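# Dropping the sequence and predicted coords here.
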Amino acid sequence: MTISGREQPLIRVLHDESRRDLRDPTRPRPVRVYLWEPGDPLAAPAPLVMVSHGTGGSGGAMEWLTRPLCEAGFRVVALDHHGDNFVDGYEPEGFLHVWDRPRDVSFVLDALAREQPLGPVGAAGFSLGGYTAVALAGARVDPRLLWAMLTGAVPLPEIPEFPGVLEALRKKHPLDESARRAVDAGAADLSDSRVRAVFQVAPGVGGLVTRESLATVRVPVGIRWGGADTVNPYDVDTRPYLEHIPTASGHSAGPDVRHDDFFAPEPADPEARVRVGGEAVAFFLRHLGHGGGAGRRRYGAEDGRAIPHQRTRP
């Protein structure tokens, strides 16, 4: 699986036979992947970073993160999560059955590993993709709290990309014992031992993950957030990760940085995602990279050892 250059990714759709297409249950679940092969890999096999997009986004729109990683010598794979990407359209399960996202990543890793040996693996994600990445390191959603949201006992935060998502889910899946079992299964351990480091940007679902599961995370976790983020506010969504993951460290991307500064065509702070993309490269160079290369020199990581970071608050 290769491409001729770094500018455009190889795009393909894989099918997970163990799960169903949300629109046609007679078909397997599709997972679109975007693969960038480095022109100057750090090593052979090159370290690999899996990238998960945010709610309603697309792996193909994560260039601010995928491009600097590839330029630094990483092999980069971004995904489109079925039912929660703007390429194929939206389904309520894609937004609310969050546990399918880390399963998508593990499925793609399995497929890649069948084709060629994998280098050291890291996971990065923006917004809901931040949850996806850390779920691969052991974070679990609280099934009781998630069920309370689905039943309306606890208010569901507004999802601008899909107004009325809860009602749409209930039309497709009545809140019966089968739905309850699905939620309980979604709280299972979805960790993947191949993932050695995690980088979260403006992470979501922090209020839905259990503190006990966060305490079990053992891989390095880097976190960045916007000081003016009202979509995934620091206290609700970022603080739980930063304070309860023993290996987590991070800092604000800036006091005026908003959530949409990471994806808007004309962000209020156009440099925010550039800075964070560079910091993600430096993080993965420390924890996955080995050997020489232009990426290591450019981003200032002198060797492959973990360099401790002080936790900071807003």
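Yep, it's here. Residues are numbered from 1 along each chain as shown.
# excluding its backbone neighbours, what's nearest Leu35?
Nearest in space to Leu35, with sequence neighbours left out and distances taken as Cβ to Cβ, 6 or more residues apart in numbering, is Leu10 at 4.6 Å. Placement of C-beta: from N, CA and C, glycine included.
# how close does that neighbour sit to Pro28?
Noted for Leu10: a distance of 21 Å to Pro28, by Cβ to Cβ, to the nearest Å.
# again with Pro68
Between Pro68 and Pro28 the distance is 33 Å, computed by Cβ to Cβ.
# Make sure Asp16 is actually in contact with Arg27.
No. Using Cβ atoms under 8 Å, Asp16 makes no contact with Arg27, being 10.6 Å away.
# Can you pull out the low-pLDDT segments for the stretch 201-314 of the chain?
290-314 (pLDDT under 70).
# who's in contact with Leu145?
Contact analysis of Leu145 by Cβ atoms under 8 Å, 6 or more residues apart in numbering lists Val154, Gly207, Leu208.
# ugh, wrong one, Val87
Arg32, Ser58, Gly60, Asp80.
# Likewise for Asp261?
Gly226, Ala253, Pro267, Ala268, Asp269, Pro270, Ala272, Arg273.
# More neighbours: which of Pro68 and Pro28?
A direct count of neighbours by other Cβ atoms under 10 Å for Pro68 and Pro28 places Pro68 higher, at 23 against 15.
# Point me to the helix or strand that includes that one.
helix 63-71 (DSSP states H and E).
# Distance from that helix to the middle of the chain?
Distance of helix 63-71 from its chain centroid, counting by Cα atoms, centre = their mean, to the nearest Å, is 15 Å.
# quick one on the thing from earlier: which one of the contacts of Val87 has the most neighbours?
For the contacts of Val87, the largest number of neighbours (other Cβ under 10 Å) sits with Asp80, at 25 neighbours.
# In TSV, list the contacts of Val87 along with pLDDT and secondary structure.
Below are these laid out as TSV (pLDDT from 0 to 100; DSSP: H, G, I helix; E, B strand; the rest coil):
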residue	pLDDT	secondary structure
Arg32	98	strand
Ser58	98	coil
Gly60	97	helix
Asp80	98	strand
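# Same list (the residues you listed) but as CSV, adding distance to Phe262.
Below are the contacts of Val87 laid out as CSV (distance: Cβ to Cβ, whole Å):
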residue, distance to Phe262
Arg32, 21
Ser58, 13
Gly60, 15
Asp80, 17
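# now Glu17: how far from Leu109?
16 Å.
# And for Gly129?
Gly129 is 16 Å from Leu109, by Cβ to Cβ.
# ditto for Asp24
Using Cβ to Cβ, Asp24 is found at 25 Å from Leu109.
# Doesn't Arg273 lie inside a helix?
Yes. Counting by DSSP: H, G, I helix; E, B strand; the rest coil, Arg273 is part of a helix.
# how about it, what does it touch?
Trp64, Leu65, Asp261, Phe262, Phe263, Pro267.
# ok, now Asp256?
Gly227, Ala228, Ala268, Asp269.
# for Val134, same thing?
Ala123, Gly125, Val198, Gln200, Pro203, Val209, Leu214, Val217, Val221, Tyr241, Ile245.
# For the first one, which residues are in contact?
Remark: with contacts taken as Cβ under 8 Å, 6+ apart, Ala123 is in contact with 49-52, 105, 132-134, 136-137, 195, 197-199.
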